[in-house]
Structures are given as structure tokens and as C-alpha cells.
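Engineer: Output the structure for:
(chains A, B and C)
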Amino acid sequence: MSSNDVPPIELRGLRKEFRLPGLRGRARAARTQVAVAGVDLTVSRGEIVGLVGESGCGKSTLARCVVGMYSPTAGEVLLDGHPVGTRRSSADRRRVQMVFQDPASALNPALRVRDMLAELLRVHRLVPSSDIAGRCAELLESVGLDAGFLDVFPHALSGGQRQRVNIARALALEPDVVVADEVVSALDVSVQAAVLNVLLDLRARLGLSILFISHNLAVVRQVCDRVAVMYAGEIVELADVDTLFAEPRHDYTRRLLAAIPRISGDHAQSVPSGQSVPSGQSVPSGQSVPSG
Amino acid sequence: MSTVETAIVAEPAGAEEPRGRRRRSVALIVGTSIVGTYILAAVLAPWLAPYDPLAQDVPNALAAPSGSHPLGTDHLGRDVLSRLLHGSRVDLLLGMAAAGAAGVLGTVLGLVAGYAGRSVDVVVTRVMDVVQALPGIVLLLVLLLVLGPGAGSIIAALALTGWVAYARLVRASVLVVRDQDFTSAARLAGLGHPRVLFRHVLPNVWIQGVIYMTSDIVIIIGAIAALGYLGIGIQAPTPEWGQMIYDGQAFLASHWWLSAAPGLAIVVLGLGLALVSDALTDRARR
Amino acid sequence: MVSAEPLLEVSDLAVTLHTPQGPLRAAEGVSFAVAAAEAVGLVGESGSGKSVAMRAILGLLPRGSTVSGSVRFAGRELVGVAERQLAPIRGREISMIFQDPMTALNPIRRIGGQIGEVLRIQLGWNRRRASAHARELLARVEIAEPDRVLRQFPHQLSGGMRQRVLIAMALACQPRLILCDEPTTALDVTTQDQILALLRRASDESGAAMIFVSHDLAVVRQLCSRVLVMYAGRLVEMGPIGPVFADPRHAYTAALLRSLPAIDGPRQPPVSIGGELPDRFRPPSGCRFRTRCTVADDSCASLPSTLLPVDGERGSACIHAATGLPDRGAESGVSR
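Structural biologist: Residues are numbered from 1 along each chain as shown, chains lettered A, B, ... in the order given. Predicted coordinates for the structure are as follows:
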């Protein structure tokens, strides 16, 4: 275990380029897309850092680099101060887990919840085999579901319940860092809060560090300590949550905040501003990003 | 957490089964009972058959159906019912074994092609293209000439020509499943490729192969009959449906039942398998 | 705001969908009216029946669905009439804007051809007149280079541009009513802002009435003057949007507003509505929200499914509407 002042995860100059397929020869070099253009970011122990931006800004690519699904073109990912190689060891993978956006596709439809969790515990030898059943129940309980859900197949779960099972699956591996990629954007408003509270609760109890990726600034404001605003592959503003929402400094952040529809206030105030924002595709430097 | 949710897992609509689902389960029951009857007949053939299927009784050849020979006798005086029952052993066994071998081979190659990197996929896909480009029956003939006659050779030859359909189906499903988040999640959890492939991908794709197999068995029985016709199938005098249809052709005008009985046997089996296949398709879709 | 002669009058609308699990009563007892040039928001969560209810207006439901009740548009009954009689109304007098502009447009046809076709079929115009007007329509939805876009295919456009094209097509025949089904849900927030501004201008200019279906209360707040709230297949509250959001009179509306994360004001922890949506095949008797409601009592189990009048132009299906719901923003009794 490392000391408290070394962040569990740090990104240094992280860059990810994609080469567009289907072209040969000279045109090939020109058809490289920069999805993440050199990002420095740190998440401290027990901290929730929000990463916001619109589709195509590179936030999902960044998340995939952090968890090791993509290997960065340049720059480093450091876990507890140690850089991880391009090929992560099984132990390094375990320490950074991801909770996916789409509750429908994130759970294997052929496996019961119990088998899903037990497999992870068994493969990584996290608990003695006699304790596996107990640990599975404990994991579900920590996301607010009772042990009755252990014997259920994913299709019998509601969206909110699936997303909690997703979180339980990530927790099973006892990670230091969880990347939450748009975890509530597919859920109804009335169940979003329950899932967000599970994350907040885990941070408080386990000291989990969370990189919370979302396009929904109102949700980010509710749960995050610091917020990074991403635009065209770069972080254009990074501030603690109160400062960012009270005094946004970057022009793009201001436009983003102005565009959010408000529920309160009189009717005239809530009229859409209709300001135009340059799209990711027309960034002056020629950078553009793949969608998704 | 101040609230813990309790699992209330109840299937909607208990007593009143919706009409659609009931119709589907009827299809499954009828289909499996037809196929089950065939399998029973094959297993119990030695006890069910009234005569030795090979015993010739030339003076009594080409007898019409009667009490002693319910389906009559063929041109060598052999009891048609007994040959039909014993034939089910040969045809069912060969059909299932060949479809099974093709299915296993195709599923494994389809899994690997869909899951592994692009270079492996290109190689497997090219091989599939080549096998499919050759006329199937010619390939089958060449293989049988190389392997020599016999049941084992027929199974091997049919498997080597038939796996491509399974591989294509399974590969296409794997490409879908591979991009689902649960596959990524399994990899991120540090699970090895074989484990992800066989425990997380395979359970979501194998049903496609099984569905195809139900129709493939009938096609293969047809192919065995065709091989018999060409003289390189199951060798006479072993009772086999395709051979029986062929033998009966010469007497079609006067003794139509000689070809019709084994023909009907194949058609009804095909129907039973098709019903099972439909029910499985519905199940896979849900 | 219901005038004497509403443009659209829906009464006791019920929709039953045919599903693999059996018949599903997706909406029932839905009654409301829309006046000419009025913008009405229809809000609810997934499974609330909001999209189904709106699609039933135009008869755009999956095969095997059954609709009962009445939908009267400009004095004509739309429920139970033949397809042939609906055809001249669809697209011409009532048009629709869908959530996913990619699937609403034909991927293999150029934009110009698709807009022109609407004009040629609905209004009987010739090719030349239709294509000239198509350019004009694209300019009206603030597309900078209409000539270029007319020659493009849907996949060459961004999501926002595709939605502008759909709006242009919806405006093409100067409809009297525009039905919008979550038209900005798939868009980024800055694009959404532009599309909402455009929709607002378009409906002001054309004088068309609008029904705007959305799960997003804030989006509806920007566009509509009146709101209808649905939950589990039933209408639970309706009224002018400002008063409804400021002082909800149904326990569900109140809980939903409380659970919305705020972008201004003091930061507050997430507040959830406890429990899950009821089983759609076996909803609870009486008020369908009572299984998750903090003020429910025995009388809620035997509630008529009609809206009770509150303060004149408002209505609520909650029998506790008058006696006091927990205030908005108060945390009383709502489980985390």
C-alpha cells in the first residue's frame, strides 16, 4: 500500500491518435485523428473528478486509455506513482475498473448475477472459496440490493438495478480507481439519484477514487469534487466544482453552462440562448475526433 | 445506504399464458416428440423390426403391403418396414454425427475468427471463401476418393465441407457480442482470452449454430442419399433411406410405396426438426 | 387555457400494445385538449406511456395495437377511421419530428429529394417548384449552405443538422399541429440549445400548435406554456407550466422535481424516488404511484383514474393535492 500523498492514478501528457482505415500511401498520414491531445490529470484517494464534454470531445477515449482498453500513442498512465506498461498485468488491470454506460449490454445475458461475481472472486483468488457466497451477498448489499438478486439473470433486472450490479462487479475486484463512464445517462431521473448515492457511499466507506465521465453538468455538480472540461481532445478548464460553476473562466465552459436548460426562473429567462459553438470538427488546428 | 432493494422476481402473467407463447411451446412439444420418436425407433430397431432387414426372400419379392409385411417387400423380398427401421439407425447416426462434427469445427473456427485479431480473421475467412467457392458435391467426391468408402469417411467428408455455414453464423454473432460492454468488462477484470471466449462469448452465440444444425441434419441425410445414388455412399446391402428411395425408383409406377415410405420418413423428420428449430429461434430472440 | 373550440381534443384515450409477453395496456384514461398555436409539454419517464399516447393521435402504433377513446382534430374524429382518411391529415395538417433523425431520414436518398417528395406528394407540386421551396425551407431552419445540404445524404450531416432537416420537413406543408417526440434527446447540450431556439421560433412564426414529448422537464420548460405529466400509463397532473413546476399538486410531480439535479443555487446531494416503476403488466390498483409515494394511505388504493380539478385550470390525480404535499426542496420522507 502506498502513502496517502501519492495519487492512485495520474495521467501525464496522455495522447491517443487513431489512424483512419481504408486509405493508402500519402493520404494515410493526413488521415490521423487526434482523439486525446496531451492530457494531464490526477485523481486523489477518495476524490471524485468529473470529466465533462460533448460527444466527440475525446472523453470516452480518455477513459479507455485509463482502464487499459486502448494503449496511449504518447504519455503515461501512473498507478500509485508507477507507470504501467502498454501491456498491463492482470494485477494492474484489477486496480482500475470501469462501469459502463449502457446497462443493457454491460451484463452478460447468459450468466446469473452470482456466477458473474463468483467468477471474478475465484479467478483472482480474492477470498477463500468457502467465503465466496458470503462475499457475493456482501457486494450486492454494498450497492443496495439484497441477496435475492444473486440468482437472477440480467433480463429480469431494471435499468437501475443492472447499473448497481455493474458497480458491484467492479467492486468485486477491490479496485483503487473506478472509471464511471456516463453511468446514469441511460437511466430515468427518478432512479439516477439512487445510483449516484451508491457511488458517493462507496467513496465515503472505501476511499474509492472515481473518474466520473458525463455530458450532464448538473449531475457532475452533484457528485464531483473537481471538474475537468474537455474540448477537442484537450482539457480546457480544471477547477473545483464550486468555482467552475460559479466562475467559469474558459469561454467554452461558459457556453456549455449557458446552454443547459433551467427548470426554475421566469419564462423569459428560460428561453434557449441559441448561441452557436464551433463543433469539434472545425477546430482551427486541424484536430478532429472520432465520435463516441 | 438507507434502503436495500428486495428481489421480487415474478414472471409476468402466470395462470394466463399469452397465446403467442403457448403456440410456440406447442411447436416445441410436437417437434421434439417427432424427433424423439425417430431416435426411439433407431435405438429399438432390432426389437421393433419384424424381420431381419438383410434377409432376402426372392420368391416373395415386390409383395404388396399386407398383414405379414405392413409395408410390403422390395425387389429382393426384404421387409420394407424392417429396412426402414434399421435405416433410421444409419441415417440418424450419420446425419447427427456429420452435422455435429461440422457444427463443432465451424463453431470453434467462427469463434476464433470473430474474436481474435484481424490477421487470424482474414485467414479463416479466406479459407471459408475457398471452401464455399468449390462445388460442394465435387469436393465431397474428391474427399471420399481420398478417404475411401465407409461411415467414418462420409462423416469426415461432410464435416469438412459443411463447417463453413456454422463458422459464418457464429463469427457474425461473435462480432456483435465482442463489442458489447460485458466482453470489455470481462477483459478489464483481468480474465484471460480463453475464459472470456468460452465462458462469456460462447454461451451467447452457440444457439445460432444449434438452430442451423436442425436444418443441416436433413440436408446431410439428403447428401448421404445422393452419395448412395452415385455408388460411393453407404454400401449395399446396409439399409439406408436414400438407397431405398433409389432402389424403389425402378418400380415407381407399380410399387410406389417402396420409394414413398423412406421419402415420407425423411420429410416427417425434416418437419419435426424444423419445428424444433423455430421454437429455438424464438427462444434465442428473447 | 382550454378555449371553447380546441384544435385537438383527446378524451379517454387508451392504448393496448401487443407484446411477446401478452397484451400491455400502455396508456389509459388520457384526456386533454390543445388549443390552436399552443405548445403543450408531455413529460414522463420510460414506460409512462407518453410516446405511445402521442403516436396514437396519428395512428402510428405498431401492428396489433388497439386504441379506444376519442381523438378529435379540428372537428374530425381520428380514432377508428380508415388509413385512407388519415393520410391527408398526416404530414400535412399534423406533422411529426422524431427523436432519432438518422432513422427518420432515408439513408440512401439525398436531402433535396426527400424534402421535395413531401411537397410533391402532399401538395401535388411539380419538381421545380418543390425543389425551389426545399431550398427556402432549409434557409428557414438556419442552414447556412442550403444548396450544398440539398445534395447531401443524411450520413454526411451532423446530428444537429439532420434534426434541422427534419424540422424543415415537418414545416413543409404548414401544419396546424406538430408532434415532437424527444427531438433533442440524442443531441449535445449546445446543439440542443440551438434546436430548441429554432423550434420556438418556428412555432411562433408558423402559428402551429405543438405537443412536445420529453423526459426532460427543463427542456419542456423552455418551450411549452402548459404541461401534462404521465406516470405508468396515466395522466397524473396538468396545468400551466410555471405553477405546476413551482407548486406541484401530485406527489409524483413533486418527487420528480425534487430528484432533478440543479445547475444553479446551493449544491444538494442526489435525492431519489424510492423503489422502481411498477410492473407494467400488473400495475397497482388506484394511484399507480402509491407504491413509491411517501404520503400514500389506504384511500390511494381505490382512486378513480381521472384528474380532479385544482385551482381552475389545473388538474391532479392525487387525492392529497389539496391537503398538502411535502414542499419542493424539502427532504421529508424521501428515501435516498
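Engineer: Can you pull out the low-pLDDT segments for the stretch 1-150 of chain B?
Structural biologist: B:1-24 (pLDDT under 70).
Engineer: where along it do the helices fall?
Structural biologist: Taking DSSP state H, counting those that start in this stretch to define them, one finds helices in the stretch 1-150 of chain B at B:19-48, B:80-115, B:118-133, B:136-147.
Engineer: Distance from the helix or strand just after the shortest one to the middle of the chain?
Structural biologist: Reading on from helix B:136-147 to the C-terminus, the next helix or strand found by DSSP states H and E is helix B:151-178. If you compare the mean C-alpha spot of helix B:151-178 with that of the full chain, they lie 12 Å apart, counting by C-alpha atoms, centre = their mean, to the nearest Å.
Engineer: who's in contact with whatever helix or strand comes next after helix B:151-178?
Structural biologist: Once the chain leaves helix B:151-178, the next helix or strand it forms, by DSSP H and E, is helix B:181-188. For helix B:181-188, contacts defined as C-beta atoms under 8 Å, 6 or more residues apart in numbering or on different chains pick out A:67-69, A:93, A:97-98, A:100-102, A:105-108, A:166, A:169, B:177, B:195-196, B:200-201. All C-beta spots, glycine's among them, are computed from the backbone N, C-alpha and C.
Engineer: Walking through the stretch 51-200 of chain A, point out its strands one by one.
Structural biologist: Secondary structure of the stretch 51-200 of chain A by DSSP state E, counting those that start in this stretch: the strands cover A:74-79, A:82-83, A:96-99, A:177-181.
Engineer: which one of those strands lies closest to B:Ile137?
Structural biologist: strand A:96-99 (51.4 Å; C-beta to C-beta).
Engineer: ok, is that closest one in contact with chain B or not?
Structural biologist: Yes - interface with chain B: strand A:96-99 contributes A:97-98 (C-beta under 8 Å from any C-beta of the partner chain).
Engineer: what is the rounded mean pLDDT of that strand?
Structural biologist: If you average the pLDDT over strand A:96-99, you get 94.
Engineer: still on that earlier bit, most tightly packed of the helices of the stretch 1-150 of chain B?
Structural biologist: Across the helices of the stretch 1-150 of chain B, the average number of neighbours (mean count of other C-beta atoms under 10 Å in any protein chain shown) peaks for helix B:80-115, which reaches a mean of 22.
Engineer: Please see if the helix or strand containing C:Leu256 touches chain A.
Structural biologist: According to DSSP H and E, C:Leu256 maps onto helix C:251-259. Yes - if you take C-beta under 8 Å from any C-beta as the test, helix C:251-259 does meet chain A, through C:255-257, C:259.
Engineer: Next SSE downstream of that helix?
Structural biologist: Next element after helix C:251-259 (DSSP H and E): strand C:308-310.
Engineer: Packing partners of that next one?
Structural biologist: If you count contacts as 3 or more C-beta pairs under 8 Å, 6 or more residues apart in numbering or on different chains; DSSP states H and E, strand C:308-310 packs onto strand C:314-316.
Engineer: Now do the strand it packs on: distance to the chain's middle.
Structural biologist: 18 Å.
Engineer: so what does it touch, helix or strand wise?
Structural biologist: strand C:234-240, strand C:308-310.
Engineer: can you do 6 Å?
Structural biologist: Applying 3 or more C-beta pairs under 6 Å, 6 or more residues apart in numbering or on different chains; DSSP states H and E, one finds that strand C:314-316 contacts strand C:234-240.
Engineer: Can you list the strands that the strand it packs on pairs with?
Structural biologist: The sheet places strand C:234-240 alongside strand C:226-231 (antiparallel), strand C:314-316 (antiparallel), with pairing taken from DSSP bridges.
Engineer: contacting residues for the most centrally placed residue in chain C?
Structural biologist: Geometric centre of chain C, nearest residue: C:Val213, 1.8 Å, by C-alpha atoms, centre = their mean. Contacts for C:Val213 (C-beta atoms under 6 Å, 6 or more residues apart in numbering or on different chains) come out as C:42, C:50-51, C:54, C:181.
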